[in-house]
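S.K.: here you go, sequence then predicted model.
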Amino acid sequence: MVSIGIKGIGTYIPEQRMTSQELAEQSAIPVDVVETKLGIKEKPIAGPDDHTVEMGVRAAKRAIANAEIVPADIDLVIYIGEEHKEYLLWTAGIKLQYDVGAMNAWAFDTALRCGTTIMALKIAKDIMTADSEVETVLLAGGYRNEDFINYNNPRTRFMFNLAAGGGAIVLQRDYSKNILLESHMMTDGAFSEDVVVTTGGTKNPITHDTLAAGQYQLDVIDPPSMKKRLDDKSMRNFIKCIDQALAKSGYTRASIDYVAMLHMKRSAHSYILDQLGLDHTQSIYLEHYGHIGQIDQILSLELAEKEGKLKDGDIVVLVSAGIGYAWGANVIRWGESGNEV
C-alpha cells in the first residue's frame, strides 16, 4: 500500500494587524463581544505587498525548506488559495510553480472556499496513489478575503473574522512520518447562493452604480433563512465528516489526540470539541489570527508543533467548512509510527 506523508509545512502571516478594539470601532460591536463571542483578539490583514499568490509563494518556500527538498524535486503543484488574487481569469498554480522554481512540476488550481485544503489533500493523495510518477506534491496558496468585508453590514457579521495569510504543505510518497490517512467530504448546494459578492459576475456586471452601492463586497442574501437552514445541519455535518474520516482510517473519536480546526465563533469551537469528548487543550483556538480561510488547518498544525502538542503516533484530525456549503475532514497519523492501520 502506498503511504503519503507530510514532509513539510509552512505559513506566511502578514505583519499588519487589526485589533479587537479597531474591529469594535468599525463595526459598532462592543469589544468584549468581539473578543468573547466572535473570538477575535487580533487578526492579520494584508499589507500593500501581501498579494494572494505571493503570500502562497512565501509560505511555499518555507514549507520546501522545512521539507529539506529542492524545488526541482516537486512533481505537482496544487494551488489551494482563493479566487480573489492578483488577476482575474488567471491560473495561479502555474505562477506559484514558476516562482518557487518547481521546473519539473505541472500545476493546477482547485477551490472549495475554506474547505480547499482538506479537499486538496484528498485529491493529492488520490493522484499520488494512482500515478507512480507523482512522488512529491506541493499544496500552497494565499487568502485575503477580508478585502470583501464591510464592517457596517450586520448581515456579514459572522465573517468579521476573515483575515489574511498564506500556507503550504509538501507531501511525499513513501515518507514514514505524518502519514495522511483517509478523508470525508460533504457538500450541500442548497446554500450555494446564500453568501456571494453580488456584482462582478455575468448576472450583475460591474457598473458605476453597483460599485457605488458597495455591491463588490460579500453579502448574505437572506440571513434569517440561511441561519435557520444551516443551524440544523452545520454542526452535525462537522461531526459526521470527522466520524467518517476516522472510520475509514480505522479509528474512532476516542483515538483523537489533536484537532486542527478552522476559526469560528468561540461557542461553536467549544461545541465541536465537547461533542468529540475532547479536552479543549487538544486544539488551538485561533483568536490571534482570525479566519484565514483554508489556511487555518495548516496554521493550527504549525502552532501545535511549536507548542509541543504533537507527538509520534498521535491521531490528528483536520476539519473545515466552506461557504457553499462544504464540510470536510482528513486524518493524519503524526510523527514516526510503526503501526499501520
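M.R.: Thanks, I have the structure now.
S.K.: can you give me the end-to-end span of stretch 103-121?
M.R.: With Cα to Cα, to the nearest Å applied, stretch 103-121 spans 22 Å between its terminal residues.
S.K.: what about that stretch, average pLDDT?
M.R.: For stretch 103-121, mean pLDDT is 97.
S.K.: in it, which residues are buried?
M.R.: Buried residues in stretch 103-121, counted by 16 or more other Cβ atoms under 10 Å: 105, 107, 109-121. For glycine as for every other residue, the C-beta is placed from the backbone atoms N, C-alpha and C.
S.K.: could you pull out the helices for the stretch 1-150 of the chain?
M.R.: Remark: helices assigned in the stretch 1-150 of the chain by DSSP state H, counting those that start in this stretch are 20-27, 31-36, 52-67, 92-100, 116-130.
S.K.: I'd like these laid out as CSV, including distance to Met159.
M.R.: Below are those laid out as CSV (distance: least, Cβ to Cβ, whole Å):
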stretch, distance to Met159
helix 20-27, 11
helix 31-36, 13
helix 52-67, 17
helix 92-100, 22
helix 116-130, 17
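S.K.: closest to Ile179 out of those?
M.R.: With Cβ to Cβ as the measure, helix 116-130 is the member of those nearest Ile179 (10.1 Å).
S.K.: next, the contact list for the closest residue to Thr36 other than its chain neighbours, please.
M.R.: Once flanking residues are discounted, Thr36 sits nearest to Arg266: 6.7 Å by Cβ to Cβ, 6 or more residues apart in numbering. By Cβ atoms under 8 Å, 6 or more residues apart in numbering, the contact set of Arg266 is Thr36, Lys37, Leu38, Gly39, Tyr285, Glu287.
S.K.: for Lys203, see how far away the residue nearest the centre of the chain is.
M.R.: With distances taken as Cα atoms, centre = their mean, Gln294 lies nearest the centre of the chain, 1.5 Å away. Distance of Gln294 to Lys203, given as Cβ to Cβ, to the nearest Å: 25 Å.
S.K.: contacting residues around the nearest residue to Gly277 once chain neighbours are set aside?
M.R.: Nearest residue to Gly277 in three dimensions, chain neighbours excluded: Arg253, at 5.9 Å (Cβ to Cβ, 6+ apart). Neighbouring residues of Arg253 by Cβ under 8 Å, 6+ apart: Ile242, Asp243, Leu246, Leu276, Gly277, Leu278.
S.K.: which among those gets closest to Lys7?
M.R.: Distances from Lys7 to these, taken by Cβ to Cβ, are shortest for Leu246, at 23.4 Å.
S.K.: quick one: mean pLDDT for the helix or strand that the closest one is a member of?
M.R.: Using DSSP states H and E, Leu246 falls within helix 234-249. Averaged across helix 234-249, pLDDT comes to 96.
S.K.: can you point out the buried residues in that helix?
M.R.: Here helix 234-249 shows Ser234, Met235, Asn237, Phe238, Ile239, Cys241, Ile242, Asp243, Gln244, Ala245, Leu246, Ser249 as buried, counting by 16+ other Cβ under 10 Å.
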